[in-house]
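[1] Fold the following, please.
(one chain, ligands or ions: 1)
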Amino acid sequence: MTLLVAITGWQVEPWIDRFRRLLPERGIAVLGEPFDRRAVDYAVAWKHPPGSLAGLPNLGAVFSLGAGVDHLLSDPKLPDVPIARVVDSDLTNRMSEYVVMHCLMLLRQQRRYADRQAKRLWLDDKDQRAAADLRIGIMGMGVLGKDAAAKLRVMGFDVAGWSRSGADLDGVVGYAGAENLPAFLARTDVLVVLLPLTPETRGIVNGALLDGLARDGVLGGPALINAGRGGLQVEEEILDRLDRGSLKHAVLDVFNAEPLAADSRFWTHPGVTVTPHNAAMSDPDAIGRLVVRQIRRLEQGLPLENAVDPRRGY
Ligand SMILES: NC(=O)c1ccc[n+]([C@@H]2O[C@H](COP(=O)([O-])OP(=O)(O)OC[C@H]3O[C@@H](n4cnc5c(N)ncnc54)[C@H](OP(=O)(O)O)[C@@H]3O)[C@@H](O)[C@H]2O)c1
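    This next block holds a predicted model:
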């Protein structure tokens, strides 16, 4: 009975340490070190090298260490076993903090004040809008989108959501599917992207989509916050709209290629805020406990919680 830890791009030691402590009865194998492939019955994965989960004859399930599973489903040799993803209040709270913080920074023009402070400029400035004047539109109303929407509502923002099913939330109008996307965009000043990356959503945040955002909002032009996945965005078209001024600001946590290249224009563009794919980090303590709870459930013959539908892609 061995749990395989298959992680790249993150520090692996904290995860090994947590799983050793949480599963003392189980062997912990680490990708890149020798291990008995027949002994592995579960794997935890974050951006594992494609093909590295194949040839594990007793593998019973794979646990993504993040909420997204695009890193798993893009592996053509992914074994045909149940896959579970992270749904955890710790991660959800972190994402909502990120979304609320950046919506507030846009509303309260915090970058302008930081710039003025650097110049020691005290200007008597009466240009202050209410949160209710700012229309936020969230693309992807799943676990993360719903929580962010509820917390933005508490702050008084005018919030709508767009998803496949388009369910309404308390005080949040839901728009469903491609046919209602134009109406959703036309009422949105700040577009928050919390979609999964699937064949359907790849490249969805492109120039044409940005051109559909509201132009009559209190910020003097629309803004974008993408904390979903880099593959959702067409980066040259975002830069083009920023250069033309038809997009006022872009807050980007995720990119087509990560880490973001040192020569990327996103680093220096005055209309861009870059964060290093850490809008909502997976905490080894919280996510380790979640994975262990799932393993215990499987051992008791109970179904996995938060199982992924590979055909749907999320
Ligand atoms: N930057 C970070 O640090 C970070 C951290 C965690 C997660 N993420 C990203 O956030 C994503 C969302 O996480 P989640 O837990 O909220 O996922 P989720 O619960 O699976 O929700 C996904 C949402 O997207 C909607 N959707 C999917 N495909 C669609 C399509 N083709 N058209 C319209 N709507 C579509 C779904 O619609 P239905 O409700 O109708 O199914 C659902 O509302 C993850 O997949 C991951 O990529 C990023």
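[2] Every contact and neighbour count from this point should use C-alpha atoms.
    Noted.
[3] Please enumerate residues in contact with stretch 223-233?
    Here stretch 223-233 makes contact (Cα atoms under 8 Å, 6 or more residues apart in numbering) with 99, 102, 189-197, 201-206, 247-257, 277, 279.
[4] Now the residue nearest the centre of the chain: closest residue in space, sequence neighbours ignored.
    In the chain, the residue lying closest to the centroid (Cα atoms, centre = their mean) is Gly228, at 3.3 Å. Of all residues not flanking Gly228 in the chain, Leu194 sits nearest, at 4.4 Å (Cα to Cα, 6 or more residues apart in numbering).
[5] Ok, Pro303 next?
    Arg297 (6.8 Å).
[6] Report the distance from the helix or strand containing that neighbour to the chain centre.
    Arg297 is part of helix 284-299, with elements assigned from DSSP states H and E. How far helix 284-299 lies from its chain's middle: 21 Å, per Cα atoms, centre = their mean, to the nearest Å.
[7] right, is it up against the ligand?
    No. Residues of helix 284-299 are not located near the ligand by Cα under 6 Å from any ligand atom, the shortest gap being 12.0 Å.
[8] mind listing what's buried in that helix?
    The neighbour-count check on helix 284-299 (16 or more other Cα atoms under 10 Å) flags Pro284, Ile287, Gly288, Arg289, Leu290, Val291, Gln294, Ile295 as buried.
[9] now do stretch 302-314
    Using 16+ other Cα under 10 Å as the test for burial, stretch 302-314 gives Leu304, Glu305, Ala307, Val308, Gly313, Tyr314.
[10] Settle this for me: the last one is touching Ala307, isn't it.
    By that I understand Tyr314. No. Under the criterion of Cα atoms under 8 Å, Tyr314 is not in contact with Ala307, lying 9.1 Å apart.
[11] Pull the contacting residues for His249.
    Residues touching His249, when contacts are defined by Cα under 8 Å, 6+ apart, comprise Pro222, Ala223, Leu224, Leu242, Gly271, Val272, Thr273.
[12] same check, this time on His71
    Residues in contact with His71 (Cα under 8 Å, 6+ apart) are Trp46, Lys47, His48.
[13] any chance of those residues in CSV, plus neighbour count, distance to the ligand and pLDDT?
    Conversion of these to CSV gives the following (neighbours: other Cα atoms under 10 Å; distance: Cα to the nearest ligand atom, whole Å; pLDDT from 0 to 100):
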residue, neighbour count, distance to the ligand, pLDDT
Trp46, 20, 12, 98
Lys47, 19, 12, 97
His48, 19, 16, 97
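[14] Among these, which ones are in strands?
    By the criterion of DSSP state E, membership of the contacts of His71 in strands covers Trp46.
[15] need the strands for the chain, in chain order.
    Counting by DSSP E, the strands of the chain are 2-7, 27-30, 40-46, 61-64, 83-84, 135-139, 158-163, 173-176, 190-193, 223-226, 249-252, 272-274.
[16] and of these, who's closest to Arg21?
    Each of the strands of the chain was checked against Arg21 via Cα to Cα, and the shortest separation belongs to strand 27-30, namely 10.3 Å.
[17] Compute the distance from the centre of stretch 192-202 to the centre of its chain.
    The chain centroid and the centroid of stretch 192-202 are separated by 9 Å under Cα atoms, centre = their mean.
[18] right, I mislabeled it, should have said stretch 191-208
    In this view, stretch 191-208 has its centroid 11 Å away from the chain centroid, taken as Cα atoms, centre = their mean.
[19] That one - what's its average pLDDT?
    Looking at stretch 191-208 alone, the average pLDDT works out to 98.
[20] Stretch 115-130 now?
    If you average the pLDDT over stretch 115-130, you get 93.
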